[in-house]
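Q: How does the following fold in three dimensions:
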Amino acid sequence: MTTRIWKFWAAAAALALLATGVPASAQQDPPARVARLSQPDAGVQWSGADGHWQAADANWPFTGGDRIRVAAGSRAELHAGAHALRIQGPAELSIDALDDDDLRLTLQQGSLNLRVRDMAPDERIELNTQNLALLVDRPGEFRIDAEPGSTRVAARTGTATLYGDNGESATLAPAQQARYVGRNLTAIAVEGAGPRDTLDQWAADRSLAEDQSASAQYLSREMLGYQELDAHGEWSSTAEYGTVWYPRTTIAGWAPYRHGQWRWVSPWGWTWFDDARWGFAPFHYGRWVQIGPRWAWVPGPRGPRPVYAPALVGFAGTLAPRPPGFGRYRTPGSDWVPLAPGQPWRPGFNANPRYEDRVNRGLPPPDPLRNSMRERPPGPIIATPAPGFQGGRAEQERRERWQREQEWQQQQRRQQLQDQSRNDMHQRHEQIRQEQLQRADQARRQQQAMQDQQQRQMQQLRQQQDQQQRQMQDQQQRQQQDAQRQQQDAQRQHERFMRDQQRDQMERRQDRPQPPRAAPSEDRRQPPGDRGGRVGNRD
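A: Here you go, the predicted model:
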């Protein structure tokens, strides 16, 4: 037992030593904004700066240097402030920078749906792939698919600027998508955004649920985990603390910061992880107070972007062992108590006063007439095991029961994923079949159109041939008729000419005097019988 404890402390000390390479006064404060893994599947892993991959836990705070890997068929949802990152595997995403002003990501592979709800005036949101860099200009919904050798980007709403290696740039307009190859921003296809696939539809459903969240009426959307509060409690208005939230629990004597565990998270140090799924916002923002028999969470006034804290408690009791070289981190005590409204939080490391002021911003001013002990919630100090220490048998049984519930939930999620995968595959097959039928029908229509066009062309050709033939026949008939008319005209002219000749001859004969007729000779005056009778006596 002691060996395991000291191994735990030694690992924390090693991480602290890595952060103490420079004097404490020169060390940077932890970032005020983190990313929360709000929807992990069984196939989601994460790795810190050490490169050690491990199963992802819900409500784990991510910061710059962390990486997330999503297996094929799995999905993951992260929130960085009001921005939602929804990933579909196989995918790998790196958080290169995450603070008040910058959110810089690198998508090595896979598909990412990015919803930028709102942007601060000086905020920069950048996403890099192997081909390009996308810089968000206006809030909206963006889709990025990193594939080997190419990247597809789409904007359903909002605008972004794309950059290549040599300073090339292009604007991604709303309802537009493009695919790029190489690193010089070479676009091979620019078209409309197209219909939503399963990832985009899932993202749209999640975004719609966030838009309809009742807790968003009382909390800033920059406060991580507000979506989980709707189904696990109710809001109420009080005269002293304003609007408060009461959790619904089935545990008798429930109290905050009692049912969970302490885990070391760099760069904040000891961080509280509550067993409840909704246990992110109420344990990293705001304060707790006991009103009557119930505990209420007081988020404070809804103002600017809230600042993340690892655990808003005050430590007391015996200090835990302090390993050598623990660096800037102070050793917490063995007991802790939730901070009440008005009580400032003191980090467990040497922080800049400005950082403490930001974390405690919005608290009411202290009342000099009120005893400081009364500012603590009524009841005894919560004396659960100190960080890194193991509790008793009841605590062990509770953790085993919680572990069994987690395993059962993981089995249920895996079954849901398998069912979803089968449904997606069936939908994909049905989509492919419909696409094939559409292509075949389109091919038939094109073939029928070509045949109809050919028939129309043949009909037009026959009509042209018939028309030409009729024209030729008409022309031949006209020529024959012209020839006949010419022949008839010639014949009439000839007949007229002959008649004119005959008439002229007749007229000439009538006009010429006739010679007198001579008296017939004696021989000719004799009767023919006499000439015959003297034929033989002529000599």
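Q: Help me confirm that Ile68 comes into contact with Gly89.
A: No - Ile68 sits out of contact with Gly89 when judged by Cβ atoms under 8 Å, with a separation of 10.1 Å. For the C-beta atoms, the positions are set from N, CA and C on the backbone; glycine is no exception.
Q: Neighbour count: the two, which is higher?
A: Ile68 (24 against 19; other Cβ atoms under 10 Å).
Q: one step back: please identify every residue contacting each of Ile68 and Gly89.
A: Where contact means Cβ atoms under 8 Å, 6 or more residues apart in numbering, the residues bridging Ile68 and Gly89 through contact with each are Ala76.
Q: what about Gln473, which SS state?
A: helix (DSSP: H, G, I helix; E, B strand; the rest coil).
Q: in the chain, which spans are helices?
A: In order along the chain, the chain carries the following helices (DSSP state H): 2-18, 198-211, 281-284, 353-359, 393-511, 522-525, 528-533.
Q: Any stretches of the stretch 1-150 of the chain with poor pLDDT?
A: 1-27 (pLDDT under 70).
Q: Which parts of the stretch 51-200 of the chain are strands?
A: Taking DSSP state E, counting those that start in this stretch to define them, one finds strands in the stretch 51-200 of the chain at 53-55, 61-62, 67-70, 75-80, 83-98, 102-116, 124-128, 133-138, 140-147, 150-155, 159-163, 169-172, 176-181, 186-192.
Q: What strands flank the fourth one, and is each parallel or antiparallel?
A: In the sheet containing strand 75-80, the strands it pairs with under DSSP bridges are strand 35-40 (antiparallel), strand 83-98 (antiparallel).
Q: Output the ones you listed as JSON lines; include the columns distance to Glu210.
A: Shown next, in JSON lines, are the strands paired with strand 75-80 (distance: least, Cβ to Cβ, whole Å):
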{"stretch": "strand 35-40", "distance to Glu210": "10"}
{"stretch": "strand 83-98", "distance to Glu210": "7"}
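Q: Nearest to Phe62, out of those strands?
A: Evaluated over the strands paired with strand 75-80, closeness to Phe62 peaks at strand 35-40, with 4.1 Å, by Cβ to Cβ.
Q: Would you mind extracting the C-alpha trace of that closest one into PDB?
A: Presented in PDB, the C-alpha positions along strand 35-40 are these (Å, rounded to 0.1, in the frame of the first residue of the first chain):
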ATOM      1  CA  ALA A  35     -11.500  21.200 -23.100                       C
ATOM      2  CA  ARG A  36     -13.900  18.600 -21.600                       C
ATOM      3  CA  LEU A  37     -14.400  15.200 -23.000                       C
ATOM      4  CA  SER A  38     -18.200  15.100 -22.800                       C
ATOM      5  CA  GLN A  39     -19.100  12.200 -25.000                       C
ATOM      6  CA  PRO A  40     -16.500   9.400 -25.000                       C
END
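Q: I'd like the average pLDDT over stretch 236-247.
A: Predicted confidence along stretch 236-247 averages 91 (mean pLDDT).
Q: residues contacting the closest residue to Ala214 other than its chain neighbours?
A: Closest residue to Ala214 apart from its sequence neighbours, by Cβ to Cβ, 6 or more residues apart in numbering: Asp230 at 5.3 Å. By Cβ under 8 Å, 6+ apart, the contact set of Asp230 is Ser213, Ala214, Ser215.
Q: Now for the first one, how many residues are close by?
A: Spelled out, that is Ser213. Residue neighbour count, defined by other Cβ under 10 Å, stands at 15 for Ser213.
Q: cool, and the one 3 residues further on?
A: By the measure other Cβ under 10 Å, the count of residues near Ala216 is 18.
Q: so what's the nearest residue to it once chain neighbours are set aside up against?
A: Of all residues beyond its chain neighbours, the one nearest Ala216 is Tyr226 (6.3 Å), with distances taken as Cβ to Cβ, 6+ apart. Contact analysis of Tyr226 by Cβ under 8 Å, 6+ apart lists Ser213, Ser215, Ala216, Leu219, Ala281.
Q: and of those, the nearest to Gln447?
A: Proximity of the contacts of Tyr226 to Gln447 was ranked by Cβ to Cβ; the top entry is Ser213 with 54.2 Å.
Q: From Ala231, how far out is the closest one?
A: 10 Å (Cβ to Cβ, to the nearest Å).
Q: and Val44, how many residues sit next to it?
A: The burial count assigned to Val44 is 24, neighbours taken as other Cβ under 10 Å.
Q: ok, of the contacts of Tyr226, which one's closest to Glu435?
A: For the contacts of Tyr226, with Glu435 as the reference and Cβ to Cβ as the criterion, the closest is Ser213, at 37.5 Å.
Q: Next one: the residue nearest to Arg221 when sequence neighbours are not counted relative to Thr271, how far apart?
A: Closest residue in space to Arg221, ignoring its immediate chain neighbours: Ala82 at 4.2 Å, by Cβ to Cβ, 6+ apart. Applying Cβ to Cβ, the value for Ala82 to Thr271 is 22 Å.
Q: Over to Leu85?
A: Relative to Thr271, Leu85 is positioned 21 Å away (criterion: Cβ to Cβ).
Q: Compare the two (neighbour count), which wins?
A: Looking at Leu85 and Thr271 with other Cβ under 10 Å, you find the greater number of neighbours at Leu85, namely 25 against 22.
Q: give me every residue that touches the more buried one.
A: Taking Cβ under 8 Å, 6+ apart as the criterion, Leu85 is in contact with Ala35, Glu77, Leu78, His79, Leu93, Leu105, Leu112, Asn113, Leu114.
Q: ok, now Arg302?
A: With contacts taken as Cβ under 8 Å, 6+ apart, Arg302 has the following neighbours: Tyr218, Leu219, Ser220.
Q: Of the residues you listed, which is the most crowded?
A: Sorting the contacts of Arg302 by how many neighbours each has (other Cβ under 10 Å) puts Leu219 first, at 23 neighbours.
Q: That one and Pro299 touch, don't they?
A: Yes - between Leu219 and Pro299 a contact is recorded at 5.7 Å, counting by Cβ under 8 Å.
Q: Next up, phi/psi of Pro304, please.
A: Summarising the backbone geometry of Pro304 under the convention degrees, to the nearest 10, its torsions are phi -70, psi -170.
Q: circling back to that earlier point, deepest of the helices of the chain, which one?
A: Greatest average neighbour count among the helices of the chain goes to helix 281-284 (a mean of 26), per mean count of other Cβ atoms under 10 Å.
Q: Dump that one to CSV, restricted to CA.
A: Coordinates of each C-alpha in helix 281-284 appear next as CSV, following Å, rounded to 0.1, in the frame of the first residue of the first chain:
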residue,chain,number,x,y,z
ALA,A,281,-19.3,22.3,-13.8
PRO,A,282,-20.3,22.2,-10.1
PHE,A,283,-16.8,21.0,-9.0
HIS,A,284,-14.7,23.3,-11.1
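Q: Run through who's touching that helix.
A: Outside helix 281-284, the residues that reach it (Cβ under 8 Å, 6+ apart) are 61, 219, 223-226, 228-229, 245, 247, 256-257, 260, 272, 274, 288, 297, 299, 308-312.
Q: Recalculate using a threshold of 7 Å.
A: By Cβ atoms under 7 Å, 6 or more residues apart in numbering, the surrounding residues in contact with helix 281-284 are 223-226, 229, 256-257, 272, 274, 297, 308-309, 311.
Q: And those residues, which two are furthest apart?
A: Checked with Cβ to Cβ, these reach their widest spread between Tyr226 and Tyr257, with 19.4 Å between them.
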